[in-house]
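Asker: Structure here, sequence nowhere to be found:
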């Protein structure tokens, strides 16, 4: 592997207004710390960041255009490939939009399964973020710790959904198949295991003074800016903005379970870190309340073979691991959407990076980017 | 605040607005020339629409419609603003100075639909390559090589 952090002496080549003493460096598109093909053009003055310009599109597949020629049953499969760490939530948002349009009542069993799956995905996503985040800052061990527990979730997913990453499990009307006979037991085993391990995470990383020094006071984002930049999810909640869709606009059975919306007010990288770590505890709490109470019954409502959404516009929001995912379908009454828009959380969160990074040191950039939890296919779509 | 109260206050501020209440949220059709003043009013008046959560465009073959989804972090009643634009020369004032997130979203709409956002601070391509021709999300866009039609 090689990095393409190359120094370009001619500042006018990439900078729109090159000034004396300024240096432009490229981070990416192939860079280990961007975790995907993100290209950042950074203008530096000495070590101080003057400007960060994201260049996107290296993995743009134009999913929105593709969906215009896919039916309401087919398009859900493409969305697993957007934010691949929140595949269940993406499928969930799409299924809910179709259900909203057709007024399909989802059986309680499917609702419970969906929420359990969402929360398991959230834990898996946050674990991968936690490991990768620590690795960005130079600590390799946490990555293996995180993956050890994440594997257990992947195994559970594989048994029930038949896939480990792009699940395509939630379909209009419910879920694709019933849960595996061992699902409940395995989830309970996982919770037991995870509870014994999550304190290790704090011992290993959270309480580490070197880690805290690198995170505290870095990448400050005020509450007003977080709102203005359209941030959502843990990024906004780290700045004290209450924006958890699960609390504000409860869907499925989120209004029946007790959990707290995690808020931190500092607005720095450490606050965003703490939000995600604390969210893992909340997800465990949600799963514990549901896992023994999955009602009997159908796992999928009866739907027509060909789905036709009535003429009109439908917008649904769900809380993915990265924030608010909005699915906006404009229907002309046919079997395919006329226009579909995915409001992806990563796209808006990334837009705040330039504002956060200005005036900081280049060495702190990875500590900021890490806590934005960027998934590039989610930004590019 | 309720949806009706929202509607009433908009009628007072902008008598020319056209409403559509068939959907889940209040839809307001605004003229492109009136949008900027309206946007400032939405943000700063008692409505406090401070959160722009979605900005996109729809190609209706005869015209383009730019769609803004706004909400407030205090009362949380969403509103949908729609602006009809000429397909040949789509132009609308930017709102990136009011909602900072619009800067990115407008760039995306600019290159995928060809909408010009006037007075945008940095209206450059964000996703496509520099030599890309056409506006991919428009309905008449054809690409026989890369586009698979089912």
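Answerer: It's in. Because the structure is predicted, anything quoted here is derived from the model rather than measured.

Asker: Buried residues in stretch A:133-149, which are they?
Answerer: A:133-137, A:139, A:142-143, A:145-146, A:149 (16 or more other Cβ atoms under 10 Å in any protein chain shown). All C-beta spots, glycine's among them, are computed from the backbone N, C-alpha and C.

Asker: and the gap between residue B:92 and residue A:230?
Answerer: 19 Å (Cβ to Cβ, to the nearest Å).

Asker: out of the two, which sits in the more crowded spot?
Answerer: Using other Cβ atoms under 10 Å in any protein chain shown as the criterion, residue B:92 and residue A:230 rank with residue A:230 on top: 27 against 23.

Asker: Can you tell me, leaving aside adjacent residues, what's nearest to the more buried one?
Answerer: Closest residue to residue A:230 apart from its sequence neighbours, by Cβ to Cβ, 6 or more residues apart in numbering or on different chains: residue B:101 at 3.2 Å.

Asker: which ones are touching the one you found?
Answerer: A:228-231, A:348, A:351, B:52, B:55 (Cβ atoms under 8 Å, 6 or more residues apart in numbering or on different chains).

Asker: Okay, it and residue B:51: tell me how far apart.
Answerer: Going from residue B:101 to residue B:51 by Cβ to Cβ gives 9 Å.

Asker: Residue A:88 now?
Answerer: 26 Å.

Asker: the more surrounded of these two?
Answerer: Between residue A:88 and residue B:51, residue A:88 has the larger neighbour count (other Cβ under 10 Å), namely 29 against 26.

Asker: Name the residue of the stretch 1-150 of chain A with the shortest distance to chain B.
Answerer: residue A:57 (3.5 Å; Cβ to the nearest Cβ).

Asker: Surely that residue and residue B:130 touch.
Answerer: No - assessed by Cβ atoms under 8 Å, residue A:57 is found out of contact with residue B:130, at 10.9 Å.

Asker: Looking at those two, which one has more neighbours?
Answerer: More crowded of residue A:57 and residue B:130, by other Cβ under 10 Å: residue A:57, with 19 against 6.

Asker: sec struct for that one, please.
Answerer: Put simply, residue A:57 is coil when judged by DSSP: H, G, I helix; E, B strand; the rest coil.

Asker: Excluding chain neighbours, what is closest to it?
Answerer: residue B:127 (3.5 Å).

Asker: Compute the number of surrounding residues for that neighbour.
Answerer: So residue B:127, with other Cβ under 10 Å, has 19 neighbours.

Asker: repeat for residue B:100
Answerer: Counted with other Cβ under 10 Å, residue B:100 comes out at 22.

Asker: Can you tell me the closest non-neighbouring residue to it?
Answerer: Spatially, and ignoring its direct neighbours in sequence, residue B:100 is nearest to residue A:228 (4.4 Å; Cβ to Cβ, 6+ apart).

Asker: likewise residue A:167?
Answerer: residue A:161 (4.3 Å).

Asker: returning to that earlier point: pLDDT, distance to residue A:287 and secondary structure for the buried residues of stretch A:133-149 - can I get that in a markdown table?
Answerer: Formatted as a markdown table, these follow (pLDDT from 0 to 100; distance: Cβ to Cβ, whole Å; DSSP: H, G, I helix; E, B strand; the rest coil):
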| residue | pLDDT | distance to residue A:287 | secondary structure |
| --- | --- | --- | --- |
| A:133 | 88 | 23 | helix |
| A:134 | 88 | 24 | helix |
| A:135 | 88 | 27 | helix |
| A:136 | 86 | 28 | helix |
| A:137 | 86 | 29 | coil |
| A:139 | 84 | 28 | coil |
| A:142 | 88 | 23 | helix |
| A:143 | 89 | 24 | helix |
| A:145 | 89 | 20 | helix |
| A:146 | 88 | 18 | helix |
| A:149 | 88 | 14 | helix |
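
Asker: Just give me the closest of those residues to residue A:29.
Answerer: residue A:136 (16.9 Å; Cβ to Cβ).

Asker: so who does the closest one touch?
Answerer: Taking Cβ under 8 Å, 6+ apart as the test, what residue A:136 contacts is A:33, A:366-367, A:369-370.

Asker: Great, nothing more from me.
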